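Novice: the amino acid sequence is not available; the structure is as follows:
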């Protein structure tokens, strides 16, 4: 009933869909090879031949922005999926079992939260060496704590609900009560949160790449592109503007998706 | 307060009031040509089940529509001869509180939790009567005394959460009175309260009527409450007034079919089935024959309460020294006010809450000594039905999935027969088989409760423990659920433990009754004996506090707590 009026959800889905299509069809849509260097066309302002202009190596910005969708989308999704999965399982078990298990896991979370997010990420990546793989591992190791806390709080409430007690009185196993009855009802809030978390992951991915610890040049990635264009901001604003805008638009799309999902799933806040 | 109106002019007159909501498919009528009147000092009872438009009518009177899509389409509202329908917001604000006050069912959510009770009363006095702070405070203390606070100067600085439900309701009445209204609308003011507290609050309202010349609109689904308090009754259904008139006339000689149904389903009416059922039971459940199905011996359940980092942990006893036997085929009612330990006893009985001391045995196996064995027996032979029909069903599963899951976990029937059995279970609880595909939130409270009962029946139980399972339902639905239980017990060789704070329901359903107070059993015996000749003063107090549908059997209970 409410679904038909959920414009936010559809707007978010549309933006997300456009980016997915761009990623899938990148070689077909992009007018040039993203790493082809045209020495004759360096630092060209946006024109009909190069709608987003070219950078200091003469590479077409539009083509690079389009190819970068593949990396950035993957980064956003994988960067959220692992923390989400780990956090959900840990939080559910912690909240459901309580007692010593809960105390130990919650103190571990406190320890992780005691370090600034980026500092912890950077030190893990520094140990593992630069690259996307290290980024995902660092993300998974650091990012799960918020999900664990969210899910735990939900489970704490739900395990006292009448249907949990009904399930227990009907002889359901603990695992069945937790995973079939409590978790599906607890997870909606986390799904919504994960959409806003995608934005965060996207930005930290870009930040890590900007620092030279993530995606390595010459691969096209928005963060890397912003970093590369930084030196030319005064002469060639287009090098940083377009990848920057792409981050904003994709992030905006995920925000809308998050709000729309919240409405659809009936989550408050 | 002087009366300028002639006695013939009603204080409030509503004529042909219609209210509609803008729905996608067009305008849908919620209130259809409603006309009511109320004179000064009169008590009007507005009766009907939920969804009949009672509350919407009250909100329309003060222009507080629950949504902007809902609006008045026709009719007039005359307050003291002056038209207030369609008045602007400023005019309505002067009327709300000052001339028409409101109190609600749930005082907890209508009192400000972070503001002292006294200040909430003072706020109303200062806003509507423009008194100085000192004058307002002394008036507030006076009002608090009137509504039965025992120590107003001290309670003035208390917060809502420090009071019991009954005292909170008194506080809300005080806040409403602070504006000195001519009409007080009380929307189900006692529904959430125990019978004895309910009697006190009703006495208080009547008292205020006599002392202040207040007119009361009492919205309720309980005809007993109406019979005890009102001068006139208006019966509502589907947004229309189906019948209106003097109380005695309507109760004695109802004209509309719906009013007759309402009166017949009131639990204080003797149930016709009773006699036959009692006989059937005394045959089946002969005490001493065989062994009790559930045996409880000196049970205590305590919860850690209070105490913190530096103070000593103390225990709160929910149940203390309870011994009890339940025989196969019996229907046993457990009654008591909220906080008396009924629900804890039920949970301990089913091994859902651990006993602090004492023994619980099910079918001869002790939960303390042969835990695994006793739990296995309990989980396959005992089921529970809960109070809140929505909260007790998993909101993400359809009724069919819920029932099928129980059947497949219990493994009492082959997997191939599960779908068929789900249908049979729905038949048993008189739900259409299509309900298998519906989720709880698309169903009414009564339908959810039937689904909850079907789930209990799915394990093919020997015992069902029903914990306040009619408390959240309307009277007519309540009567249907009780009738369903009666049918199930009569046809299925079922032992029923029925927990309720509502004595009439227990009286009409259970053969034996157990009265609990402060975690202990104060009285037990056959229902007819206990209700006719209670031995304990506490039980007698509970029984006297039931609002009887006969207006000539007055309500007991004092107006001060």
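Specialist: Yep, that arrived. What you see is a predicted model, and the numbers here were worked out from it, not measured in a lab.
Novice: whichever strand or helix holds residue A:100 vs chain B: in contact?
Specialist: Counting by DSSP states H and E, the element that carries residue A:100 is helix A:99-114. No - for helix A:99-114, no contact with chain B is found by CB under 8 Å from any CB of the partner chain; the gap never falls below 14.2 Å. The way it works is simple: take the backbone N, C-alpha and C, and place the C-beta from them, glycine included.
Novice: quick one: which helix or strand includes the spatially most central residue of chain A?
Specialist: For chain A, the residue nearest the mean C-alpha position is residue A:198 (2.6 Å; CA atoms, centre = their mean). Using DSSP H and E, residue A:198 sits within helix A:183-210.
Novice: pull out the buried positions in that helix.
Specialist: Buried positions in helix A:183-210, judged by neighbour count with 16 or more other CB atoms under 10 Å in any protein chain shown: A:183, A:185-195, A:197-202, A:204-210.
Novice: hey, what's the closest residue to residue B:524 other than its chain neighbours bridged with?
Specialist: Nearest residue to residue B:524 in three dimensions, chain neighbours excluded: residue B:514, at 4.4 Å (CB to CB, 6 or more residues apart in numbering or on different chains). Beta-bridge partners recorded for residue B:514 (DSSP bridges): residue B:334, residue B:524.
Novice: tell me who's in contact with the residue in chain B positioned nearest to chain A.
Specialist: Closest residue of chain B to chain A, CB to the nearest CB: residue B:379 (3.1 Å). Residues near residue B:379 by CB atoms under 8 Å, 6 or more residues apart in numbering or on different chains: A:169, A:170, A:171, B:459.
Novice: which one of those is nearest residue A:224?
Specialist: residue A:170 (56.0 Å; CB to CB).
Novice: now the strands: where do they sit in chain A?
Specialist: For chain A, no strands are identified by DSSP state E.
Novice: wait, doesn't residue B:328 sit right on residue B:496?
Specialist: No - between residue B:328 and residue B:496 there is no contact under CB atoms under 8 Å: 11.1 Å.
Novice: between the two, who's got more neighbours?
Specialist: Taking neighbours as other CB atoms under 10 Å in any protein chain shown, residue B:328 and residue B:496 compare with residue B:496 leading, 24 against 19.
Novice: the more buried one belongs to a strand?
Specialist: Yes - assessed with DSSP: H, G, I helix; E, B strand; the rest coil, residue B:496 lies in a strand.
Novice: pLDDT score for it?
Specialist: Note on residue B:496: pLDDT of 92.
Novice: cool, residue B:278 as well?
Specialist: Confidence for residue B:278, expressed as pLDDT, is 44.
Novice: also the one 5 residues further on?
Specialist: Taken from the predicted model, the pLDDT recorded for residue B:283 is 40.
Novice: what's the answer for residue B:17, then?
Specialist: Value for residue B:17, per-residue pLDDT: 89.
Novice: which SS state does it fall under?
Specialist: Strictly by three-state DSSP, residue B:17 counts as strand.
Novice: what's the nearest residue to the one residue in the stretch 151-269 of chain A that gets nearest to chain B if we skip its chain neighbours?
Specialist: With CB to the nearest CB as the measure, residue A:171 is the residue of the stretch 151-269 of chain A nearest to chain B, at 3.1 Å. In space, and not counting its chain neighbours, residue A:171 is closest to residue B:379: 3.1 Å by CB to CB, 6+ apart.
Novice: that neighbour sits in which helix or strand?
Specialist: helix B:371-381.
Novice: buried sites along that helix?
Specialist: B:374, B:375, B:377, B:378, B:379, B:380, B:381.
Novice: so, low pLDDT: which residues of the chain?
Specialist: Unless you meant another one, I'm taking chain A. Residue ranges of chain A with pLDDT under 70: A:1-5, A:266-269.
Novice: wait, chain B
Specialist: B:1-8, B:267-289, B:305-314, B:553-561.
Novice: ok, then the element right after the helix or strand hosting residue B:423?
Specialist: Element membership of residue B:423 [criterion: DSSP H and E] is helix B:418-428. Using DSSP H and E, the helix or strand that directly follows helix B:418-428 along the chain is helix B:445-458.
Novice: ok, which of the buried residues of helix A:183-210 also contact chain B?
Specialist: Within these, those near chain B by CB under 8 Å from any CB are residue A:185.
Novice: tell me who's in contact with the residue lying closest to residue A:155 once chain neighbours are set aside.
Specialist: Closest residue in space to residue A:155, ignoring its immediate chain neighbours: residue A:95 at 3.3 Å, by CB to CB, 6+ apart. With contact set as CB under 8 Å, 6+ apart, residue A:95 has these partners: A:102, A:151, A:152, A:153, A:154, A:155, A:156, A:159.
Novice: what's the farthest-apart pair in those?
Specialist: A:102 and A:154 (14.0 Å).
Novice: go through whatever helix or strand residue B:489 lives in and flag the buried ones.
Specialist: Following DSSP H and E, one finds residue B:489 within helix B:475-492. Residues B:475-486, B:488-489 are the ones in helix B:475-492 that count as buried (16+ other CB under 10 Å).
Novice: among the residues you listed, which are within reach of chain A?
Specialist: Answer for the buried residues of helix B:475-492 near chain A: none qualify (CB under 8 Å from any CB).
Novice: tell me which stretches of the stretch 251-400 of chain B form strands.
Specialist: Along the stretch 251-400 of chain B, counting by DSSP state E, counting those that start in this stretch, strands occupy B:294-305, B:314-326, B:331-335, B:357-362, B:365-366, B:382-385.
Novice: I'd like to know how many residues surround residue 110.
Specialist: Just going to use chain A. 10.
Novice: my question was about chain B
Specialist: 18.
Novice: who touches it in this structure?
Specialist: With CB under 8 Å, 6+ apart, residue B:110 has these contacts: B:103, B:104, B:172.
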